[in-house]
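Student: could you work out the structure for the sequence below:
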Amino acid sequence: MKYSSSILFYPVNRALEQAILDSRDLLTAEQSESLFPDRSAAVADNFLFTRGNFEQHRYSSAVFENLRDALQASLTDELRANDPMVWAETQNRLGNILGGLAQKQNDVEQYAKAADCFTLALEVYSQENTPHEWAETQVNLGTALQAQGRLESDAKLLNKSVDAFTASLLVYTKKDTPEAWKLVMIQQGLSMHNHGLLLKGNRTFQKSVVAYKNAISELDADNHPFELAAAHNNCGAVLHNLAESEENPDRFEEAIRSYEKGWTVCMEQQLPVHLSVLCRINKSTARGVLAELTNDAALADDVADELEVILECFPHALQPLCAMHCKELMEKMRAKVETIRG
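Tutor: Residues are numbered from 1 along each chain as shown. Take a look at the predicted model:
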């Protein structure tokens, strides 16, 4: 079956930010001038938090190539022999830079190289002797494999991503490391959702929902507003696809409530306006599918009205493809009303 496409939110990649920060001394003075993006003019970014796993918010992606070259040059056999921990840390940094470069260039090969770096680091780190570094590297590996698996539509890579996140939970626990645990739950939910889309398997969708609900149970709007909004919105997307698979109106209602909660957090915590709009678009998409499933003219009419409001009131917050999707769905719902009412 063909699933609806919902807009997902991706958490800030703190590991990538730290890799750039820790490697900035490798840049020349001239290269360092490009480290921070030009923010002298305020420009709304309607793609913020939606590009993928390796989106960079703080630093400029213009330095990725320079950092990659400098880190690769430092990874000598001598360094590995004399200081394997530094060598492993450098592999971790290089892997994150390669992931950022892969997303910038939409390059599968760079994602694969990033995963190789993390795998090499795991030859040095161990759960017993360096648990924090080992778990952190497992998360990095899971993130890279998730991005690569999504780009290649490769179920095996997404399954390996889930395995890596699951391995990190041998160290990251809800009780002892709640901050890391929450973020792993969100990433695990993302990997399971994408895996389920390829497998067309309800069980994998259900596991994704559990992961998101685990994160939601520990996140609070005051301290983690974006992560909470992301967990609600992304959980809604999984429930949405699960409802389509089951043709289950009750499951659609659950998805709609999850989208609504994400929208509420965005509004109450004054997150970038496009995020709240995207939650509304996701919700309208789910309601539109429900209207078709139940042949409900009133619901279809309501969905069309909602989309008209979004298009008229928030054109500045819409991505081009989102605007096109809204127009097409609005017309589809209007046509549905006419067909039902004759």
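Student: and residue 273, backbone torsions?
Tutor: Main-chain torsions, residue 273, degrees, to the nearest 10: phi -60, psi -30.
Student: wait, residue 67 touches residue 28, no?
Tutor: No: taking contacts as CB atoms under 8 Å, residue 67 lies outside contact range of residue 28: 11.4 Å. Every residue, glycine included, has its C-beta placed from N, CA and C.
Student: ok, those two, which is more surrounded?
Tutor: Legend: neighbour count by other CB atoms under 10 Å for residue 67 and residue 28, higher for residue 67 (25 against 9).
Student: what helix or strand is that one on?
Tutor: helix 64-74 (DSSP states H and E).
Student: could you do residue 310 as well?
Tutor: Assigning secondary structure by DSSP H and E places residue 310 in helix 297-313.
Student: list the buried residues for that helix?
Tutor: Of all the residues in helix 297-313, those buried under the rule 16 or more other CB atoms under 10 Å are 297, 299, 300, 301, 302, 303, 304, 306, 307, 310.
Student: shared neighbours of residue 67 and residue 28, anything?
Tutor: Common neighbours of residue 67 and residue 28 are not found (criterion: CB atoms under 8 Å, 6 or more residues apart in numbering).
Student: which segments of the protein make up each domain?
Tutor: 1-35+44-171, 176-342 (automatic domain parsing).
Student: make a markdown table out of those domains and add mean pLDDT.
Tutor: Shown next, in a markdown table, are the domains of the chain (pLDDT from 0 to 100):
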| stretch | mean pLDDT |
| --- | --- |
| domain 1-35+44-171 | 96 |
| domain 176-342 | 97 |
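Student: could you measure from the residue lying closest to residue 110 once chain neighbours are set aside over to residue 10?
Tutor: If the residues on either side of it in the chain are set aside, residue 110 comes closest to residue 102, at 3.4 Å by CB to CB, 6 or more residues apart in numbering. To residue 10, residue 102 is 14 Å away according to CB to CB, to the nearest Å.
Student: more neighbours: which of these two?
Tutor: Between residue 102 and residue 10, residue 102 has the larger neighbour count (other CB under 10 Å), namely 26 against 21.
Student: show me what contacts residue 150?
Tutor: Each residue near residue 150 by CB under 8 Å, 6+ apart is listed here: 52, 158, 194.
Student: for residue 205, same thing?
Tutor: With contacts defined as CB under 8 Å, 6+ apart, the neighbours of residue 205 are 192, 193, 196, 238, 241, 242, 245.
Student: picking that back up, if we take the contacts of residue 150, which one ends up nearest to residue 106?
Tutor: residue 52 (9.5 Å; CB to CB).
Student: the closest one in helix, strand or coil?
Tutor: coil (DSSP: H, G, I helix; E, B strand; the rest coil).
Student: chain neighbours aside, what residue packs nearest to it?
Tutor: The nearest residue in space to residue 52 (CB to CB, 6+ apart) is residue 103, at 5.2 Å.
Student: got it, and residue 204?
Tutor: Leaving aside its sequence neighbours, residue 204 sits nearest to residue 196 (CB to CB, 6+ apart; 3.6 Å).
Student: distance from the helix or strand that neighbour falls within to the middle of the chain?
Tutor: Here residue 196 sits within helix 178-199, counting by DSSP H and E. Remark: helix 178-199 is offset 9 Å from the chain centroid, using CA atoms, centre = their mean, to the nearest Å.
Student: now do stretch 164-184
Tutor: 17 Å.
Student: repeat for stretch 225-242
Tutor: 10 Å.
Student: can you list the buried residues in it?
Tutor: By neighbour count with 16+ other CB under 10 Å, stretch 225-242 contains the buried residues 225-242.
Student: mind checking which of those residues are in helices?
Tutor: Among the buried residues of stretch 225-242, the members falling in helices (DSSP state H) are 225-242.
Student: tell me how far residue 338 lies from residue 300.
Tutor: Remark: distance between residue 338 and residue 300 (CB to CB) = 10 Å.
Student: what does residue 143 give?
Tutor: Residue 143 is 39 Å from residue 300, where distance means CB to CB.
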